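Undergrad: Please work out how this folds:
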Amino acid sequence: MTLTSDPTQPAPTIAVEAWSDPVIDQLGHDPRSAYVEKFWLPILGPSSVWLLRRLADGLDRHPEGFDLDLIDTAQSLGVGMRGGRNAPLLRTFERCCRFGAARMHGISAISPAGGLPPHPHKPSAAELIAQPTRPVAEPPERVAVIRTNANTSPFTRPLNDSAWRGPSER
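TA: Now for the predicted structure:
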């Protein structure tokens, strides 16, 4: 994804257009919500979340769309606006698109999603430790099979066992 045909000289503005998706509009979370901050911030990163919040504010004021000043946006987000395809602001736009929070229209327009989808919650280590655990018991017949197989397997015998010799030792 590039914002200009010449990556060394980025365009001064980019058009921002609304992206309407009925499913996300109903189930999604506004980028300014605490939910996005808790679950999407670690994935998207702070500059991407701040960019999405800025775009959502702009679309609230101008539902028909608006032009976003890239230099002002880069400065307000605290990312650089140097040229090249690895410019921090361009990477921020790319990250938003990669995770489905926005989509590019050519090189001159972007549409942020109306919200971010619910993110599957993965419990943290502290949450897993706090949950009570139940020991899982093997059925007695399964334990007997495991012990029998362990005793007859040549790979579980000690290396100094005289009954077991490899092919090179015979």
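
Undergrad: what about the protein, any weak spots by pLDDT?
TA: Low-confidence segments of the chain, defined by pLDDT under 70, span residues 1-11, 120-170.

Undergrad: Just the residues contacting the longest helix along it, thanks.
TA: Longest helix in the chain, counting residues (DSSP state H): helix 46-61. With contact meaning C-beta atoms under 8 Å, 6 or more residues apart in numbering, helix 46-61 is reached by 16, 18, 30-32, 36-37, 40-41, 44, 65-66, 68, 73, 76-79, 88, 92-93, 95-96, 99, 101-102, 110, 112, 116. All C-beta atoms are positioned from the backbone trio N, CA, C, and that covers glycine.

Undergrad: who's residue 16 bridged to?
TA: Counting by DSSP bridges, residue 16 is bridged to residue 66, residue 110.

Undergrad: Could you pull up the residues touching it?
TA: Contact partners of residue 16, counting by C-beta under 8 Å, 6+ apart, are 55, 58-59, 65-68, 109-112.

Undergrad: Quick check: it vs residue 39, distance?
TA: Applying C-beta to C-beta, to the nearest Å, the value for residue 16 to residue 39 is 24 Å.

Undergrad: residue ranges of the helices in this structure, please?
TA: In order along the chain, the chain carries the following helices (DSSP H): 22-27, 34-35, 41-44, 46-61, 70-77, 88-98, 125-130, 140-152.
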